[in-house]
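Undergrad: 3D model of this:
(one chain, ligands or ions: 1)
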Amino acid sequence: MPHAVDCAIVGGGVIGLTTAWFLAEAGQRVLVCEQGEIGREASWAGAGIVPPGNFARATTPYDRLRAYGVERFAEVSAQLREQTGIDNGYRRCGGIEFLPAEAAEELTQPWCQEAIAFERLTTAELQQRFPTIHPPDAAAYWLPDLAQVRNPWHLRALRTRCEQIGVTFRPHDAVVGFERTATRVTALRLANEQRIVAERFLIASGAWTDGLLAEFGIQLGVRPVLGQIVLVRLPQPPCRPILLAGKCYVVPRDDGRTLIGSTEEPEAGFTKRTTAEARRQLLQFGTRLLPQLAEGEVETTWAGLRPGSPDGMPFLGPLPGYGNAWVAAGHFRAGIQLSIGTATLLTDLLLDRPALIDSQAFRLDRCPQTDFRPAFRS
Ligand SMILES: Cc1cc2nc3c(=O)[nH]c(=O)nc-3n(C[C@H](O)[C@H](O)[C@H](O)COP(=O)(O)OP(=O)(O)OC[C@H]3O[C@@H](n4cnc5c(N)ncnc54)[C@H](O)[C@@H]3O)c2cc1C
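TA: Have a look, this model is predicted:
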């Protein structure tokens, strides 16, 4: 017997789970198909950096998508904790962004536009306020509203909430294709030869999305970009704020565990491997900024596959030619920070409600933006 649901979602990462939650809260019968364990791919591997945002003042579509969600992250986290008893580790820990002095003005300009709180620190101020940090040769900016979340905890809370309100999970059930008419998708085809019949479909399959879209003749250019992280354990956090410099960062957790990330390896394909060289480079980066990290023990290293896109922006919108199927993929380095905005937008689109966030800039048939620059990286 095929399963009949209102919405079938392919992919149990942060994008699929958050959207499943919002759709189920809106009264939909939702089913999530996941080829592996629920929430064990990129969304699990990420560092959980959540930058600040101001929706009312953000100007670009991408910054509005981020700002809409990050403004709600504290409230959503509190709601999840109340409903599930699971603390997702959301903390407004603040952060220090180290920017090359010559580029600092251009890079901080979008923060001014959004009226994000930030303060330029002199080396003396940095040393006085954060004595464990060894100042690099760069301009230091204190961002008091930067936050973090603990990804595995957040995913567990999302899954638990989804289960509480009736979302069906099909872990270890890979989707291998679709049944369709000329204008509508009618069912998911699973590897075990079963099928899932639904009214509406959402493809939120992260780095694997292009493989699934091939049968529609669509190639978005979403591809895996490997990121490695080293976890160092200390008895106490080496500092409170997150430290960001270029593409790397240090994220201290409350219990002394400290993440040093991350590499960006587009050529690694779908192989989630860690390497001695990346571990050495990340440790070197981390201990330069926080010499105390050298006293810690490397607890583990891991890797995840970010869903990269040609211009760094996600694809959010209808599958061209099909009135009841949508895609949400390609969130690259920012899927956690964009998850609430994305799920809000996709819930509006799937339920045919006026969308709070404009989706045009994210449509599947756009030309890649050549000058895309987000106000924050993670
Ligand atoms: C090292 C690293 C650090 C990061 N740090 C941050 C950060 O600090 N802040 C931030 O905002 N973002 C960060 N990111 C990015 C963020 O983690 C991703 O953008 C986000 O997790 C993407 O979510 P997703 O749900 O699209 O993908 P995923 O979590 O990969 O989920 C997609 C799911 O779809 C499933 N799937 C695929 N194909 C099929 C199929 N055929 N059938 C069934 N299921 C299928 C996969 O198994 C997977 O579970 C980081 C990523 C990495 C790797």
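
Undergrad: just give me how far the host helix or strand of Ile15 sits from the chain centre.
TA: Using DSSP states H and E, Ile15 maps to helix 14-25. Between the centre of helix 14-25 and the centre of its chain there are 14 Å (Cα atoms, centre = their mean, to the nearest Å).

Undergrad: contact residues of the stretch 101-250 of the chain facing the ligand?
TA: Residues of the stretch 101-250 of the chain found near the ligand (Cβ under 6 Å from any ligand atom) are Ala174, Val175, Ala204, Ser205, Gly206, Ala207, Trp208, Leu212, Gly227, Ile229. Any C-beta I mention is one placed from the backbone N, CA and C, and that applies to glycine too.

Undergrad: ok and the residue in the stretch 201-350 of the chain nearest the ligand?
TA: Of all residues in the stretch 201-350 of the chain, Gly335 sits closest to the ligand, at 2.3 Å by Cβ to the nearest ligand atom.

Undergrad: and the spatially most central residue of the chain, how close does it get to Phe270?
TA: When Cα atoms, centre = their mean is applied to the chain, the residue found nearest the centroid is Gly335 (1.8 Å). Gly335 sits 17 Å away from Phe270, going by Cβ to Cβ, to the nearest Å.

Undergrad: check Leu146 too.
TA: Distance of Leu146 to Phe270, computed by Cβ to Cβ: 31 Å.

Undergrad: check Gly94 too.
TA: Taking Cβ to Cβ, one finds Gly94 at 36 Å from Phe270.

Undergrad: picking up where we left off before, in the helix holding Ile15, what counts as buried?
TA: Val14, Ile15, Gly16, Leu17, Thr18, Thr19, Ala20, Trp21, Phe22, Leu23, Ala24 (16 or more other Cβ atoms under 10 Å).

Undergrad: could you do stretch 159-167 as well?
TA: The neighbour-count criterion (16+ other Cβ under 10 Å) identifies Arg159, Arg161, Cys162, Val167 as the buried residues of stretch 159-167.

Undergrad: just the closest of those residues to Leu283, please.
TA: For those, the residue nearest Leu283 by Cβ to Cβ is Arg159; the value is 32.8 Å.

Undergrad: nearest residue to the closest one in space, please, no chain neighbours.
TA: Spatially, and ignoring its direct neighbours in sequence, Arg159 is nearest to Ile38 (5.6 Å; Cβ to Cβ, 6 or more residues apart in numbering).

Undergrad: where does that neighbour land in three-state SS?
TA: coil (DSSP: H, G, I helix; E, B strand; the rest coil).

Undergrad: show the contacting residues for it.
TA: Gly12, Leu17, Val32, Leu155, Arg159, Phe169, Pro171 (Cβ atoms under 8 Å, 6 or more residues apart in numbering).

Undergrad: between Leu146 and Phe270, who's got more neighbours?
TA: Leu146 (25 against 11; other Cβ atoms under 10 Å).

Undergrad: surely the more buried one is in contact with Gly53?
TA: No - contact criterion Cβ atoms under 8 Å: Leu146 and Gly53 do not qualify, at 10.5 Å.

Undergrad: please name the nearest non-neighbouring residue to Lys247.
TA: Glu264 (5.7 Å).

Undergrad: what's the per-residue pLDDT of the one you found here?
TA: With respect to pLDDT, Glu264 has a value of 97.

Undergrad: quick one: the strands in the stretch 251-378 of the chain?
TA: Counting by DSSP state E, counting those that start in this stretch, the stretch 251-378 of the chain has strands at residues 257-261, 297-308, 315-318, 325-329.

Undergrad: which ones are touching Ala124?
TA: Contacts of Ala124 by Cβ under 8 Å, 6+ apart: none found.

Undergrad: next, the buried residues of whatever helix or strand it lives in.
TA: Assigned by DSSP H and E, Ala124 belongs to helix 123-129. By neighbour count on 16+ other Cβ under 10 Å, the buried set for helix 123-129 is Leu126.

Undergrad: could I get the average pLDDT for that helix?
TA: For helix 123-129, the per-residue pLDDT averages 96.

Undergrad: right, and the ligand sits closest to which residue of the stretch 51-200 of the chain?
TA: For the stretch 51-200 of the chain, Cβ to the nearest ligand atom, closest residue to the ligand: Val175, 3.8 Å.
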